[in-house]
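# requesting a structural model of the entry that follows:
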Amino acid sequence: MSKYLLAFLSVVLITFGIYSFTTDINTAAETKNSQYASYLAAATHDAAKEIQSETTGNVSMPTASDRERVANTFFNSLKLDFGYTTEEDMQKLHIYVPVLAMIDSDGYYICFNQQYADEAGHMAVTESITPINTWTKQSGNYIARYYLGNNLDVTETGDTSQMYSGTYDFVYEQLKDSADADALASLGLTGKEEDFQEAKRSVIIEDIQQKIEYYINQNNDFAAEYTPSYTFTMPQTDNDDWTRLIENPTCIAFLQGIRVTNGRDYLNIYSIGGGEVKKQTVVGFTDSDTSKTYNTAGVDKNSDGYVPTSKAAAKDASDGDTIVNKEPTAVEDLVPHKHWGNPSVTRSSDEIGCYTKPVYHVHTTECYTRFNHRHFDQDGNELNESVEWVGTDGKYYDKNNREIPKSLAVRSGVDAHADYKRKVNCFKEEVHHTHTDACYKIKYHKHTNSCYRETVISYKNGQPVTAKVLTCGYYAYDPDTDTLLDLTDEEQKALDDGALTRQYFIERAIEGKELVCGKTEGDLVGYRKSCNKKDGAFESQELACGRHALTDDEISGDESKMTVNDIDHYEIGCGYKNGQMVPKSVAEAINQPGTGD
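Numbering: from 1, shown residues only. Alright, predicted model coming up:
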């Protein structure tokens, strides 16, 4: 009996020991993961504060030095938290951070890893920052550029290129009468702000996602030296997190490929603007002699023969790739890199230094001459807003058909807008004559002898008594003196007492109307204003800076078509950070001061 009891206790103790050991490992792994997550959150928080603390106008990172400062803040924070001090440690840190995306109000920049060979042929890694990536979408003949705020630029292509810039409401008002309403609706220009916000959000998020995925996958090309069993992939990211990215200038960073404490899995997390860190199920792998195969999350880690998922864009590899485990090689004979050179376009050839990346001209509102609408007649006269129609007789009339003197109707001298080039006739709607009271002269009655008739009014001594009695049926009125004529005593008394009015007698003095306008009903008499635009309303703009931008139709993004005149300045393009340890031969190749013997 005692033998069976001893055996039972042995099994229980062994099982409990295994369970306790596994629990300790998992607890340690979770603790370490949380620690790494806090490192990443702190670094992104510091970088986001750096972005938002140096806003110039509407842009937070207008210069290359601004963007380098943000990236340095991020990596310095991670370096301190991880306790990294050597160049080899920093090489690993850069590999573990495949992407740092820095979002500004007018576009975004990607800080990514770039590989180079030192003079001994060993491969090393440094980070580089892309030029600005803008958020654009083309629909029909329209190209929209979005910003984080409520502004956008819409360029109308075709025979005449026009750009409309401003708030969503302003741009929509300029384009709402376009015949291509479907194209505008695709850009979110429907008159409903929620449609604009959704279109902008979709363009911005999709563009950032694609660029991030590209550079994360590109990291796999040279990450095998440090993480031979891990494949960098774009993690599943919450839609709410992407929405947070487009609210204000901020950043998003990814930390991947660090093996966690349990020895089987790898870390894959991201953090936005120093906020909450989002975790992704880590990647599993199996050993296979001197090589390791790998697999993305969700596949049983205990099965053999894993295969990787396909890698997008940067790495064109078929399923089943095997990465050989290599030990990192040392970087020897290094010197600290120092940025030098002249970023100006007027520099001499021996002043180039590290400033090799041209920053090409970008059209702004200052590059355009703005034309506001002005009303012109067919003779090219610029007319005041009060002119409603122009007569065939060369006269000008207001909306009440009252004539306006030419001196008041036509702008001249300092009042004219001589800079306006498009003198398009705004008066095209025909005006036809319609008879009004003004077309007639009223004929008033004046009594003559024929208006009277000798009439017997009484008898006296058997004899009739006669008198002249008014029988024409009219009262008499003189319009020249505004005088009622020949009123009887009774009529005058009724007028004086207010029993009858002057108008009563005048209306009954009208014999008829005489047409005196000299026109026939329906005659063409002029042309009414038909442009449906207000004086001074924005109409068009023309490029006047005399320079090209990569977005111009004739350039279409081809830098080879740009000239020196189209370069604003040069950015750091050497591929190295200030103070970064680089092979001496590399420093000498760019004539870095202080590297010669």
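# you'd agree S271 is in a strand?
Yes: counting by DSSP: H, G, I helix; E, B strand; the rest coil, S271 falls inside a strand.
# give me the neighbour count for it.
26 (other CB atoms under 10 Å). In this view, the C-beta of every residue, glycine as well, is placed from N, C-alpha and C.
# phi and psi next, for H337.
Torsion angles at H337 (phi, psi; degrees, to the nearest 10) stand at phi -80, psi 140.
# hang on, I meant A43
Per-residue torsions, A43: phi -70, psi -40 (degrees, to the nearest 10).
# so the nearest residue to it once chain neighbours are set aside is in which element?
Counting by CB to CB, 6 or more residues apart in numbering, S77 is the residue found nearest to A43 once chain neighbours are left out, at 4.0 Å. Using DSSP states H and E, S77 sits within helix 64-82.
# could you say what helices and strands that helix packs with?
Contact here means 3 or more CB pairs under 8 Å, 6 or more residues apart in numbering; DSSP states H and E; on that basis helix 64-82 packs against helix 2-53, helix 87-96, strand 99-104, strand 107-117, strand 123-129, strand 250-259, strand 567-572.
# for the second one, give the mean pLDDT please.
The predicted model gives helix 87-96 an average pLDDT of 82.
# buried ones in it?
M90, Q91, K92, L93, H94, I95, Y96 (16 or more other CB atoms under 10 Å).
# the second one against Y116, yeah?
Read that as Q91. No: between Q91 and Y116 there is no contact, the gap being 11.6 Å when judged by CB atoms under 8 Å.
# next, show the common contact partners of those two.
Applying CB atoms under 8 Å, 6 or more residues apart in numbering, one finds that Q91 and Y116 are jointly contacted by A124, V125.
# list of residues touching stretch 137-149?
Here stretch 137-149 has contacts from 58, 103-106, 134-136, 152-158, 175, 180, 182-184, 186-189, 199-200, 203-204, 246-249, 551, using CB under 8 Å, 6+ apart.
# who's L524 bridged to?
H432 (DSSP bridges).
# OK, contacts around it?
T392, E430, V431, H432, H433.
# and the residue nearest to A43, how many neighbours does it have?
The burial count for S77: 19, using other CB under 10 Å.
# how about it, what does it touch?
Y39, A42, A43, D46, A47.
# switch the residues you listed over to JSON lines; also include neighbour count, pLDDT and distance to E514.
Converted to JSON lines, those look like this (neighbours: other CB atoms under 10 Å; pLDDT from 0 to 100; distance: CB to CB, whole Å):
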{"residue": "Y39", "neighbour count": "20", "pLDDT": "85", "distance to E514": "101"}
{"residue": "A42", "neighbour count": "18", "pLDDT": "87", "distance to E514": "97"}
{"residue": "A43", "neighbour count": "27", "pLDDT": "88", "distance to E514": "96"}
{"residue": "D46", "neighbour count": "17", "pLDDT": "87", "distance to E514": "93"}
{"residue": "A47", "neighbour count": "30", "pLDDT": "88", "distance to E514": "90"}
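# and which of the residues you listed is nearest A509?
Among the contacts of S77, A47 lies closest to A509 (CB to CB), at 94.6 Å.
# tell me where the model's unsure across the stretch 1-150 of the chain.
1-33, 53-58, 117-121, 123 (pLDDT under 70).
# kindly recompute the last result at 80.
By pLDDT under 80, the low-scoring segments of the stretch 1-150 of the chain are 1-34, 52-58, 87-88, 115-126.
# what do you get for the stretch 301-450 of the chain?
301-338, 349, 365, 370-371, 413-423, 437.
# helices of that one, start to end?
Ranges of helices in the stretch 301-450 of the chain, per DSSP state H, counting those that start in this stretch, are 406-409.
# any of the contacts of L524 buried? List them.
By 16+ other CB under 10 Å, these give V431 as buried.
# let me have the contacts of L524 in TSV, adding distance to V345 as columns.
Below are those laid out as TSV (distance: CB to CB, whole Å):
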residue	distance to V345
T392	59
E430	58
V431	59
H432	63
H433	66
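# show me which of the contacts of L524 is closest to E385.
Checking the contacts of L524 one by one against E385 (CB to CB), the nearest turns out to be V431, at 17.9 Å.
# the closest residue to the closest one other than its chain neighbours: how many residues sit nearby?
Residue nearest to V431 in three dimensions, not counting chain neighbours: G526, with 4.3 Å by CB to CB, 6+ apart. G526 has 21 neighbours, counted by other CB under 10 Å.
# so G526 makes contact with H432?
No: between G526 and H432 there is no contact under CB under 8 Å: 9.0 Å.
# neighbours around T436, how many?
Neighbours of T436 using other CB under 10 Å come to 9.
# can you give me phi and psi for it?
According to degrees, to the nearest 10, T436 has phi -130, psi 180.
# please report how far it lies from A37.
85 Å (CB to CB, to the nearest Å).
# how about R502?
98 Å.
# comparing the two, which shows the higher neighbour count?
Counted by other CB under 10 Å, R502 and A37 do not tie: A37 has more neighbours, with 19 against 11.
# am I right that that one is in contact with N268?
No: the pair A37 / N268 is not scored as a contact, 11.1 Å apart, by CB under 8 Å.
# what sits up against stretch 386-404?
By CB under 8 Å, 6+ apart, stretch 386-404 touches 375, 377-378, 383, 405-406, 408-410, 427, 431, 524-529.
# swap in stretch 590-597?
The contact list for stretch 590-597, computed with CB under 8 Å, 6+ apart, reads V335, H337, K338, W340, D350, G353, C354, C574, K584, A587, E588.
# buried ones in that stretch, by neighbour count?
By neighbour count on 16+ other CB under 10 Å, the buried set for stretch 590-597 is I590, Q592, T595.
# domain ranges for this structure, per the record?
Here the domain parsing of the chain from automatic domain parsing is 136-181, 374-428+529-536, 440-515.
# dump these to CSV, plus distance to N219.
Formatted as CSV, those follow (distance: least, CB to CB, whole Å):
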stretch, distance to N219
domain 136-181, 26
domain 374-428+529-536, 53
domain 440-515, 91
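# which one of these lies closest to N578?
Evaluated with CB to CB, these place domain 136-181 nearest to N578, the distance being 29.0 Å.
# tell me how far the closest one lies from the chain's centre.
Distance of domain 136-181 from the chain centroid (CA atoms, centre = their mean, to the nearest Å) equals 9 Å.
# now do A43 against Y266, distance only.
19 Å.
# rewinding a little: any idea which of the contacts of L524 is closest to Y84?
For the contacts of L524, with Y84 as the reference and CB to CB as the criterion, the closest is E430, at 82.7 Å.
# wait, that closest one sits on Y527?
Yes: between E430 and Y527 there is a contact at 6.3 Å, judged by CB under 8 Å.
# quick revisit: out of the buried residues of helix 87-96, flag the one nearest to K533.
Among these, and counting by CB to CB, the member closest to K533 is H94, at 57.6 Å.
# just confirm that closest one contacts Q115, I think it does.
No: with contact defined as CB under 8 Å, H94 does not reach Q115; the gap is 10.2 Å.
# leaving out sequence neighbours, find the closest residue to A416.
E382 (5.4 Å).
# list the contacts of the one you found.
E382 neighbours (CB under 8 Å, 6+ apart): R374, H375, F376, V410, R411, A416, H417, Y420, K423.
# any residues in contact with both of H94 and Q115?
In contact with both H94 and Q115: V125, using CB under 8 Å, 6+ apart.
# ok, E542 touching F371?
Yes: using CB under 8 Å, E542 is in contact with F371, at 7.1 Å.
# and which of the contacts of L524 is nearest to Y360?
E430 (51.8 Å).
# what's near enough to touch that closest one?
Per CB under 8 Å, 6+ apart, neighbours of E430: L524, G526, Y527, R528.
# surely the third one is within a strand?
When you say that, I think you mean Y527. Yes: judged by three-state DSSP, Y527 forms part of a strand.
# ok, and the closest non-adjacent residue to it?
F427 (4.2 Å).
# do a quick rundown of the helices in the stretch 451-597 of the chain.
489-497, 502-507, 584-589.
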